[in-house]
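Engineer: coords please:
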Amino acid sequence: MKVEDLISTEDLCVRYQVEQQFIRALDDKGIIEIKRVEHREYILLDQINEFERMRRFYYELHLNMESLEVVRHLLDKIEGLQLEKQRLLNRLRRYE
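Structural biologist: Numbering: from 1, shown residues only. The predicted model follows:
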């Protein structure tokens, strides 16, 4: 893990106008993962899209943390089903 692959949670709070508690709650629920380096908290840059999506659900749609967990679970299921569908279509094409 390189430093350039991380973004400070403090920077996220300022840039997205969210509370530090929101980011910690996402970490507690397993939605994103906070990394601690030298007494500072960071998240990986590849988690920014998920953070932004959850921020929109929480602040714009006013979903609570439990609802975010449900939404995340359903989105993961949908993604898994889409991958399975694509895999089956690719397999079917081999037999045509």
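Engineer: pretty sure residue 81 sits in a helix.
Structural biologist: Yes - counting by DSSP: H, G, I helix; E, B strand; the rest coil, residue 81 falls inside a helix.
Engineer: now it: how far from residue 88?
Structural biologist: 10 Å (C-beta to C-beta, to the nearest Å). Placement of C-beta: from N, CA and C, glycine included.
Engineer: likewise for residue 7?
Structural biologist: With C-beta to C-beta as the criterion, residue 7 and residue 88 are 37 Å apart.
Engineer: go on, residue 20?
Structural biologist: Residue 20 is 44 Å from residue 88, by C-beta to C-beta.
Engineer: ok, now which ones touch residue 2?
Structural biologist: Residues near residue 2 by C-beta atoms under 8 Å, 6 or more residues apart in numbering: none.
Engineer: sorry, back to before: residue 7 and residue 88: who's more crowded?
Structural biologist: residue 7 (16 against 10; other C-beta atoms under 10 Å).
Engineer: pull up the pairing partners for the helix or strand where the more buried one lies, direction included.
Structural biologist: Assigned by DSSP states H and E, residue 7 falls within strand 6-8. Applying DSSP bridges, strand 6-8 is found paired with strand 40-44 (antiparallel).
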